[in-house]
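> mind folding the following:
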Amino acid sequence: MTDAPHRPLLITHGGKFHLDEVFAYAVLRLALSFFCPGKDHALIRTRRPELIEAGDIVFDVGGIFDVTANRFDHHQIGAPTRADGTPYSSAGLVWQIYGARAVAALLAPEAAQFVPLITAKLDEKLVKRIDEIDNGVSMSGAVIRDPLGLAALVEDFNPPWDSPDANGPTAGDDAFHHAAAMVCGVLTRQVEIQRAKLRAEALVLAAHEASGDKRLLVLESGMPWKNVVFSYDLPVLFTVSPASNGNWMVDTVPPEPGSFAQRLSLPERWAGLQGAELAAASGVEDAVFVHVRRFVGGAKTREGAIAMAHLALAEAAPGT
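You can find the predicted model right below:
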């Protein structure tokens with residue numbers, strides 16, 4: 001007869017809860033599912049010293065930060081800070097150790113190479129912000145406000161003062177788990193957003209590398225490409241990619257993020273034309289349209305869209 005697998009005991013404080021310990025718990029729950037699959041865990045919300053002492057992982061309570069002992073509190077004198085001086089919350093402390101495992105638990109094996117980048121990006125974009133809100137400190141000088149943000153939404157899960165669930169030794173425990181489920185959903189979505197961005201970046205860079213004319217970027221599916229062009233300073237003037245309606249689009253490139261101008265517009269003589277008129281003017285039989293402002297056009301086929309882009313490049317001033 002084999003012994004039952006050990007169920008890790010997680011401890012945080014009881015009473016009113018906040019985003020930092022709810023987020024920390026969501027991270028731990030995901031990380032444990034990755035690190036020790038098949039083993040459940042138990043969570044106790046308490047301030048009783050003997051229970052805190054017995055915990056396998058203790059966060060936001062206990063007055064100790066010690067990674068080797070899995071203690072992640074930030075309320076004590078001498079609690080750790082980030083390199084820029086931002087005080088950690090329990091969310092940030094737990095993320096530094098368990099964040100990558102939580103991210104890995106949310107990704108398919110073929111996306112595992114993105115784990116370090118996603119972990120770092122979410123620390124910068126999300127976790128550090130939780131640290132700032134929980135501690136009321138921003139080293140950048142930004143005003144700490146969260147009237148309708150994630151922290152406020154989590155706090156709204158706390159039972160009202162006159163609710164039967166607001167009192168007693170397990171007060172707020174069910175609400176804590178409901179809040180954690182919401183936060184887990186948010187974290188899941190944030191990981192997926194970052195994964196998709198990184199995959200798009202890899203595909204855009206590969207497509208540009210394969211292009212015979214570095215001014216033209218041909219993508220085999222629709223995906224975000226502008227940030228990649230700007231981040232890597234690619235000399236792209238036109239992008240060709242499929243649209244959801246089956247046509248293929250020819251997109252111009254702004255000179256900088258947020259601009260409504262174009263590095264190179266589609267030919268002026270095509271402006272506002274559609275169907276047969278555009279086909280006659282461009283010589284591309286399946287050309288569909290060109291916007292009157294010449295920042296986008298389209299054709300029925302990939303080949304037609306590429307032909308439109310090549311013609312537009314050929315008509316551009318030498319050296320463009």
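> show me where pLDDT drops low in the stretch 1-150 of the chain?
Applying pLDDT under 70 to the stretch 1-150 of the chain picks out residues 1-5, 35-39, 141-148.
> restricting to C-alpha, output the helix or strand hosting Val27 in CSV.
Val27 is part of helix 19-35, with elements assigned from DSSP states H and E. Output of helix 19-35 as CSV, limited to C-alpha atoms (Å, rounded to 0.1, in the frame of the first residue of the first chain):
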residue,chain,number,x,y,z
LEU,A,19,-5.7,41.7,-4.6
ASP,A,20,-2.1,40.8,-3.6
GLU,A,21,-2.9,37.7,-1.6
VAL,A,22,-5.7,36.6,-3.9
PHE,A,23,-3.4,37.0,-6.9
ALA,A,24,-0.6,35.1,-5.0
TYR,A,25,-3.0,32.3,-4.3
ALA,A,26,-4.1,32.1,-8.0
VAL,A,27,-0.4,31.9,-9.0
LEU,A,28,0.3,29.2,-6.4
ARG,A,29,-2.7,27.2,-7.4
LEU,A,30,-1.5,27.2,-11.1
ALA,A,31,2.1,26.6,-10.2
LEU,A,32,1.3,23.6,-8.0
SER,A,33,-0.8,22.0,-10.7
PHE,A,34,2.3,22.2,-12.9
PHE,A,35,5.0,21.4,-10.3
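> ok now it, how far from the chain's centre?
Going by Cα atoms, centre = their mean, to the nearest Å, the spacing between the C-alpha centre of helix 19-35 and its chain's C-alpha centre is 17 Å.
> which helix is the longest one in this protein?
Criterion DSSP state H: the longest helix present in the chain is helix 173-210.
> now Pro257. Its backbone dihedrals?
Torsion angles at Pro257 (phi, psi; degrees, to the nearest 10) stand at phi -60, psi 130.
> show me the protein divided up by domain.
9-198, 211-315 (automatic domain parsing).
> a markdown table please, covering those domains and showing distance to Leu205.
From N, CA and C alone the C-beta is placed, and that goes for glycine too. A markdown table is the format used below for these (distance: least, Cβ to Cβ, whole Å):
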| stretch | distance to Leu205 |
| --- | --- |
| domain 9-198 | 11 |
| domain 211-315 | 7 |
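> can you give me the strands for this structure?
Ranges of strands in the chain, per DSSP state E, are 9-12, 42-45, 57-59, 65-66, 71-72, 216-218, 238-242, 248-252, 287-290, 296-299.
> so which of the domains of the chain is nearest Val204?
Closest approach to Val204 among the domains of the chain (Cβ to Cβ): domain 211-315, 4.3 Å.
> just to revisit the earlier point, flag every buried residue along the longest helix of the chain.
The neighbour-count check on helix 173-210 (16 or more other Cβ atoms under 10 Å) flags 173, 175-176, 179-180, 183-184, 187, 190-191, 194-195, 197-198, 200-201, 203-204, 207-208 as buried.
> now swap in stretch 231-243 and tell me
234, 236-242.
> switch those over to a markdown table; also include distance to Leu10 and pLDDT.
Formatted as a markdown table, those follow (distance: Cβ to Cβ, whole Å; pLDDT from 0 to 100):
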| residue | distance to Leu10 | pLDDT |
| --- | --- | --- |
| Leu234 | 47 | 98 |
| Val236 | 49 | 98 |
| Leu237 | 54 | 98 |
| Phe238 | 54 | 98 |
| Thr239 | 48 | 98 |
| Val240 | 51 | 98 |
| Ser241 | 46 | 98 |
| Pro242 | 47 | 98 |
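> Val183: what's it in contact with?
For Val183, the contact set (Cβ atoms under 8 Å, 6 or more residues apart in numbering) comprises 19, 22-23, 26, 150, 154.
> out of the residues you listed, who's nearest Arg7?
Arg7 lies nearest to Ala26 out of the contacts of Val183, by Cβ to Cβ, at 18.1 Å.
> measure the closest one to Leu10 for me?
Applying Cβ to Cβ, to the nearest Å, the value for Ala26 to Leu10 is 11 Å.
> do the same with Ile133
To Leu10, Ile133 is 22 Å away according to Cβ to Cβ.
> got a list of what Ala91 touches?
By Cβ under 8 Å, 6+ apart, the contact set of Ala91 is 19-21, 23-24, 27, 127, 130-131, 134.
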